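K.L.:
structure for the following, please:
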Amino acid sequence: MSKVEAFLTQEEEQEIISAIRIAEKNTSGEIRVHIEATSHKDPYERSLEVFHLLKMNNTKDENAVLIYVAVKDKKFVIYGDKGINNVVPKDFWNTTKDVMQNHFKNGNFKQGIVDGILKAGKELQAHFPWKIDDENELTNEISKG
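P.N.:
Next up, the predicted model:
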């Protein structure tokens, strides 16, 4: 079993997917999680690459968020599209990052990701509230590299 496959149980993955559904319920923003063992690139650069590979840059309001985790490298990135970055302060994702990091330090990876998703959803809601014509533009499934 690879590092990625052993990182989360099937049940934990389902809890993460449920958290994405909950987080997206009150915002037009889109949230995805990508997990891979390692990257030979800078984590930020890799998250940008994955963001485009998953076609997250194609949302109507450019308000997608990727939570990228490189398990073996012990690195993660929260990457928001330009629609978000144009309207939020530069340190916007720091509180979400801190919530996740505190869980990760204690080995609570699933809870860190879940709490990060829920926090990101709350943050997005303030700038991108859900509208009657909103539709889920991206799958909620966890992608793996």
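
K.L.:
can you show me the strands along this protein?
P.N.:
30-36, 64-70, 75-80, 143-144 (DSSP state E).

K.L.:
next, format these as a markdown table and append mean pLDDT.
P.N.:
Converted to a markdown table, those look like this (pLDDT from 0 to 100):
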| stretch | mean pLDDT |
| --- | --- |
| strand 30-36 | 97 |
| strand 64-70 | 97 |
| strand 75-80 | 95 |
| strand 143-144 | 94 |
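
K.L.:
out of the ones you listed, which gets nearest to Lys131?
P.N.:
strand 30-36 (13.6 Å; C-beta to C-beta). No exception for glycine: its C-beta is placed from N, CA and C like everyone else's.

K.L.:
could you dump the strands of the chain to JSON lines with mean neighbour count?
P.N.:
Output for the strands of the chain, formatted as JSON lines (neighbours: other C-beta atoms under 10 Å):
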{"stretch": "strand 30-36", "mean neighbour count": "24"}
{"stretch": "strand 64-70", "mean neighbour count": "25"}
{"stretch": "strand 75-80", "mean neighbour count": "21"}
{"stretch": "strand 143-144", "mean neighbour count": "15"}
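
K.L.:
longest helix of this structure?
P.N.:
Longest helix in the chain by number of residues, with DSSP state H as the criterion: helix 109-127.

K.L.:
which elements pack onto that one?
P.N.:
helix 10-24, strand 30-36, strand 64-70, helix 94-105 (3 or more C-beta pairs under 8 Å, 6 or more residues apart in numbering; DSSP states H and E).

K.L.:
contacting residues for Glu123?
P.N.:
By C-beta atoms under 8 Å, 6 or more residues apart in numbering, the contact set of Glu123 is 88, 92-93, 95-96.
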